[in-house]
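Visitor: Attaching a predicted model along with its sequence, questions to come.
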Amino acid sequence: MENNHREKNINSWLSEINSEAKAAISIDCVIFGYNENSLNVLTIKCNMPPYEGQLSLIGDVLRGTETLDEAAARIIKKRTGLSDIYFEQVEAFGDPGRHPLGRVITISYYSMLRISDHKLADEGHKDLKWVPVSKIEKMAFDHYRILNTSYKRLKKRIQEHP
């Protein structure tokens with residue numbers, strides 16, 4: 001058995017990757033917004049079964065030629081019209097059943113901004129909605145988990161760098 005393992009070369013590993021380890025990679029963005037009353041998160045209505053109508057984070061699939069940071073910037077700009085905002089990578093989420101279409105690994109990012117300082121794009125973004133973090137109990141996919149992980153990271157960051 002050990003001998004079999006030593007005989008593998010890059011071509012046999014590539015074959016295994018192509019048949020066994022196929023996965024899509026996505027980026028999900030948690031955009032926190034604050035005003036004088038509460039901490040909010042920017043959500044969009046999910047349009048994918050079985051989560052239709054549920055709150056969702058802003059995300060999309062990684063394109064083959066872009067870096068993770070480029071993808072996050074593209075998604076934020078495309079979905080909100082916002083550009084030149086600070087965002088930071090949080091964590092990878094890769095549970096096998098997290099997406100109804102198959103194996104999708106997502107890299108999450110978060111951002112924090114003052115809502116009154118940033119205007120969301122009007123056109124094509126009617127489903128975007130600021131929702132108080134304290135009011136969210138359920139989201140599509142594993143987005144509630146991603147939101148909570150990002151929220152913990154945000155609180156830690158604020159404590160370390162007020």
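Guide: All right, it came through fine. Computed from a predicted structure; not experimentally measured.

Visitor: Contacts for the top helix by length along the chain next, please.
Guide: In the chain, taking DSSP state H as the definition, the longest helix is helix 143-160. With contacts defined as C-beta atoms under 8 Å, 6 or more residues apart in numbering, helix 143-160 is touched by 28, 30, 32, 41, 55-57, 88, 90-91, 93, 106, 108, 110, 112, 133, 136-139. From N, CA and C alone the C-beta is placed, and that goes for glycine too.

Visitor: is it fair to say Ile76 lies in a helix?
Guide: Yes - counting by DSSP: H, G, I helix; E, B strand; the rest coil, Ile76 falls inside a helix.

Visitor: so where is this protein shaky, pLDDT-wise?
Guide: Residues of the chain meeting the criterion pLDDT under 70: 1-21, 122-125.

Visitor: 90 instead, please
Guide: 1-23, 36-37, 84, 101, 119-127, 158-162 (pLDDT under 90).

Visitor: ok, which stretches of it are helices?
Guide: Under DSSP H, the chain gives helices at 2-7, 10-20, 68-80, 143-160.

Visitor: for the longest one, which positions count as buried?
Guide: By neighbour count with 16 or more other C-beta atoms under 10 Å, helix 143-160 contains the buried residues His143, Tyr144, Ile146, Leu147, Thr149, Ser150, Tyr151, Arg153, Leu154.
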